[in-house]
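Visitor: for reference, the sequence and a predicted model appear below.
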Amino acid sequence: MANRNQSQSSKAEVQSTELNKLPVPGQNDTEFSAEEAAEAFQNNESANNQSNQV
């Protein structure tokens, strides 16, 4: 095993390869529901109203 073929990767190299990693749930999730959009809009609107009243 000391004379490892240069075309083979070590276990550590394979495990650290970006394409070999498991996906993180929700990381690439760009979709959101209408309820989430409405809630974000209401929160933003109420924050704007509070800053205008000061």
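Guide: Yep, that arrived.
Visitor: which helix runs longest in this protein?
Guide: Ordering each helix of the chain by length in residues (DSSP state H) puts helix 34-53 first.
Visitor: centre-most residue in this structure?
Guide: For the chain, the residue sitting closest to the mean C-alpha position, by C-alpha atoms, centre = their mean, is residue 27 at 2.6 Å.
Visitor: report pLDDT for that residue.
Guide: Model confidence at residue 27, given as pLDDT, is 74.
Visitor: for the one 4 residues further on, same thing?
Guide: As predicted, residue 31 sits at a pLDDT of 82.
Visitor: low-confidence stretches in the protein?
Guide: 1-5, 50-54 (pLDDT under 70).
Visitor: if we go to 50?
Guide: Along the chain, the model assigns pLDDT under 50 to residues 1.
Visitor: on that earlier part again, which helices and strands does the longest helix of the chain pack with?
Guide: On a contact count with 3 or more C-beta pairs under 8 Å, 6 or more residues apart in numbering; DSSP states H and E, helix 34-53 meets no helix or strand. All C-beta atoms are positioned from the backbone trio N, CA, C, and that covers glycine.
Visitor: from the chain's centre, how far out is it? Work that out for me.
Guide: The chain centroid and the centroid of helix 34-53 are separated by 24 Å under C-alpha atoms, centre = their mean, to the nearest Å.
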